[in-house]
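S.K.: whatever this is, show me its structure:
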Amino acid sequence: MGKYPKTGADAGASSDKWQIANCIDPSFSACVIAWQQEHGRHLLPWQNTRDAYRIWLSEIMLQQTQVAAVIPYYSRFLARFPDLFSLAAAPSEAVMSHWSGLGYYSRARNLHRCAQRVVEQYGGVFPATPELLAELPGIGRSTAAAIVAFSQGARAAILDANVKRVLIRVFGIEGYPSAKPVQDALWLRAQALLPHGGIEAYTQGLMDLGATLCTRSKPACDRCPLISRCVAHASDRVALLPMRKPKPAVPHKQTAMLIITDAAQVLLQLRPDSGIWGGLLSLPEVDGQIALNLAQMPDPAQFAQSVARIVAPFGSIASCQPLPSFSHGFTHFKLQVTPYRVRLARRLPAVGQSSHVWYAQSQLADAPLPAPVKKLLLALFDATGTS
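M.R.: The predicted model follows:
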């Protein structure tokens with residue numbers, strides 16, 4: 001194993017090119033390709049095509065999302081937006097509605113903007129080089145490389161989370177993967193390992209190894225084709241690599257959501273593009289300071305006044321009842337939601353605010369809502385069967 005020296009943040013990036021040039025085994029790529037052809041995944045919906053649109057869509061959906069979760073969304077999305085032109089021409093509400101529940105909604109906004117840019121700047125044809133692709137919204141260096149590798153057979157290196165884990169373990173790379181010296185070393189190594197042929201099988205093989213065998217926990221080392229050259233396995237450090245940064249305590253936030261109903265309609269509010277659930281419809285929320293105090297039981301009169309201010313532009317309140325609270329986890333915090341059912345005694349004839357819309361309860365299943373909000377509303381109205 002002395003053939004594969006450690007490369008870490010403390011090793012410095014200056015000697016990486018020399019190290020890599022002297023530690024690359026030409027059979028590495030051949031091993032990955034042979035394994036992929038026999039044991040890799042071959043029947044995923046976005047495979048066996050050169051259609052850059054389908055490949056791009058799958059790569060964006062697969063960012064930070066498991067294959068099993070992506071497949072049904074991918075199929076529904078293609079049924080509604082079969083090509084780049086239909087996606088570029090679609091209203092943002094339709095795009096967000098078909099993304100609703102998949103999470104990380106900035107991906108959907110960037111997807112829509114990217115489609116429009118490709119139509120406007122490139123006549124609906126994705127640029128042929130990874131450098132130009134990486135300049136488009138939502139497409140980084142690794143995603144751009146995957147698109148050209150699968151759509152054109154171009155020789156370009158990918159480095160997503162799964163591939164990082166494979167390379168870090170096989171070559172015993174220490175340091176935090178997000179640290180720049182480690183990132184730089186990984187890119188140099190990924191580029192140096194590229195085969196001169198079979199790039200599609202090699203790229204897919206690295207992805208498959210990281211997703212199915214070289215997993216974060218409980219990796220199947222005994223079935224890995226790279227076990228004989230894996231530094232982490234030989235040094236009993238598989239569980240220690242990639243190195244993890246200590247996780248900070250997950251902050252908890254509070255909010256109160258108002259389910260304001262009249263007849264068979266519910267009032268929804270368009271969220272700003274930035275922030276959580278950006279660009280989706282959701283429920284109006286009680287102003288921040290009151291919401292922060294929910295766990296400490298805010299003063300009833302103060303809370304009622306805050307609710308009344310929110311509801312006033314839309315009508316007068318007949319009743320306001322709390323519903324069971326629930327929590328929803330995000331990447332960096334946990335949100336505790338307390339819903340309140342607000343029925344109107346009299347509804348004003350106009351909404352009064354362009355960011356709000358009355359939505360028929362019967363159409364909520366197809367509304368561009370965050371998954372927990374949609375689940376809450378569908379359960380509530382299905383259980384009551386009333387407005």
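S.K.: quick one, strands of the protein?
M.R.: 252-262, 265-270, 281-282, 315-322, 326-329, 334-347, 356-360 (DSSP state E).
S.K.: show me where pLDDT drops low in this structure?
M.R.: 1-26, 287-298, 350-353, 383-387 (pLDDT under 70).
S.K.: buried residues in stretch 173-183, which are they?
M.R.: Within stretch 173-183, the residues that count as buried by 16 or more other C-beta atoms under 10 Å are 173-175, 177, 181-183. C-betas here are computed from N, CA, C, even on glycine.
S.K.: repeat for stretch 300-313
M.R.: 303, 306-307, 310-311.
S.K.: what is the nearest of those residues to Ala69?
M.R.: Ile310 (34.3 Å; C-beta to C-beta).
S.K.: which residues touch the helix ranked longest in the chain?
M.R.: What stands out as the longest helix in the chain, according to DSSP state H, is helix 106-122. With contact meaning C-beta atoms under 8 Å, 6 or more residues apart in numbering, helix 106-122 is reached by 56-57, 60-61, 63, 84-85, 87-88, 90, 92, 95-96, 99, 102, 124-127, 136-139, 273, 278-279.
S.K.: turn the buried residues of stretch 173-183 into JSON lines, including distance to Arg223.
M.R.: Shown next, in JSON lines, are the buried residues of stretch 173-183 (distance: C-beta to C-beta, whole Å):
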{"residue": "Ile173", "distance to Arg223": "22"}
{"residue": "Glu174", "distance to Arg223": "25"}
{"residue": "Gly175", "distance to Arg223": "28"}
{"residue": "Pro177", "distance to Arg223": "24"}
{"residue": "Pro181", "distance to Arg223": "32"}
{"residue": "Val182", "distance to Arg223": "27"}
{"residue": "Gln183", "distance to Arg223": "29"}
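S.K.: quick check: Asp160 touching Ser142?
M.R.: Yes: shown here, Asp160 and Ser142 form a contact pair, counting by C-beta atoms under 8 Å, at 5.2 Å.
S.K.: and the nearest residue to Asn48 once chain neighbours are set aside, how far from Asp208?
M.R.: Setting aside the residues directly before and after it, Asn48 is nearest to His42 in space (C-beta to C-beta, 6 or more residues apart in numbering), at 7.4 Å. Distance, His42 to Asp208, using C-beta to C-beta, to the nearest Å: 10 Å.
S.K.: same deal with Pro248?
M.R.: In terms of C-beta to C-beta, Pro248 sits 33 Å off from Asp208.
S.K.: and these two? Which one has more around it.
M.R.: Asp208 (23 against 7; other C-beta atoms under 10 Å).
S.K.: residue contacts, that one?
M.R.: 36, 39-41.
S.K.: list the contacts of Val67.
M.R.: 41, 44, 211.
S.K.: was I right to think Ala97 contacts Leu364?
M.R.: If you look again at residue 97, you'll see it is Ser, not Ala. No: using C-beta under 8 Å, Ser97 is not in contact with Leu364, being 10.9 Å away.
S.K.: state the number of residues packed around Arg50.
M.R.: Neighbours of Arg50 (other C-beta under 10 Å): 11.
S.K.: do you know how far it is from Ala88?
M.R.: Taken as C-beta to C-beta, the span from Arg50 to Ala88 is 20 Å.
S.K.: check Pro181 too.
M.R.: Applying C-beta to C-beta to Pro181 and Ala88 gives a distance of 40 Å.
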